[in-house]
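Visitor: here is a sequence together with a model predicted from it:
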Amino acid sequence: MVTKRSLFRRMVEAFTSSRPGAWITLNIASRFDPFLLRATRGRFSASNLFGFSALMLTTIGAKTGLPRSVALTFIHDGIRIVIVGSRGGLDRHTGWYHNLKAHPEAEVLLDGHSASYTAYEATGEERERLWTMACEHYAGYATYQRRAGGRQFPIMVLTPQTEQQGSHQ
């Protein structure tokens, strides 16, 4: 399924997936989202201005053991949250990926609620399905993938801890 995008959305995706746009997103714009997400309890971020939703992911640092928070765009897969470790097409994995691999428990602040999740890396057919969904949501991922050389982007799936314990939200 190909998602029809507005002209504005296509322009945003073209800019953010360019090398300068990715740099600005990673090094400048990403500094505002944590502040905005905390101030609005996960209800608003700068990403919203460009048609994307963002969440605040808090992990435990793989090396430091300290809490680390980052604002990320995401997609839903049912009640699960899917995040892509594209890092703007750079040639190494992002810090939050290493944190989740070392400590899969995380907190997510989204839409006025904070909840505990457990992460795992999607593989095989599940990864391919989620990659397709991610590229339909944000066309820039395909551009990032071409630019990343041989690095395959990790796709992390966050499952609500209450779902894992057998209760439903």
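Guide: Noted; the coordinates are in hand. Computed from a prediction, not measured in an experiment: that's the story for all the values here.

Visitor: now the helices for the chain?
Guide: Along the chain, the segments classed as helices by DSSP state H run 7-17, 19-27, 32-39, 95-102, 124-137, 140-147, 161-164.

Visitor: what's the most buried one of those?
Guide: helix 95-102 (a mean of 20; mean count of other CB atoms under 10 Å). For every residue, glycine as well, the C-beta is placed using N, CA and C.

Visitor: show me what that helix is packed against.
Guide: Counting contacts by 3 or more CB pairs under 8 Å, 6 or more residues apart in numbering; DSSP states H and E, helix 95-102 packs against strand 54-60, strand 67-73.

Visitor: for residue 162, find the nearest of the ones you listed.
Guide: strand 54-60 (17.1 Å; CB to CB).

Visitor: what angle sits between that closest one and helix 32-39?
Guide: Angle, strand 54-60 to helix 32-39, by axes from the mean of the first three to the mean of the last three CA atoms, to 10 degrees: 90 degrees.

Visitor: check the gap between the closest residue to residue 151 other than its chain neighbours and residue 150 for me.
Guide: Closest residue to residue 151 apart from its sequence neighbours, by CB to CB, 6 or more residues apart in numbering: residue 91 at 5.7 Å. Distance, residue 91 to residue 150, by CB to CB, to the nearest Å: 9 Å.

Visitor: looking at the two, which one has more neighbours?
Guide: Neighbours per residue (other CB atoms under 10 Å) separate residue 91 from residue 150, with residue 91 holding more: 10 against 5.

Visitor: would you mind measuring from the more buried one to residue 84?
Guide: Distance from residue 91 to residue 84, by CB to CB: 16 Å.

Visitor: ok, now residue 63?
Guide: Distance, residue 63 to residue 84, using CB to CB: 23 Å.

Visitor: show me which of these two is the more surrounded one.
Guide: residue 84 (26 against 9).

Visitor: I figured residue 67 hits residue 57, correct?
Guide: No - with contact defined as CB atoms under 8 Å, residue 67 does not count as touching residue 57 (10.7 Å).
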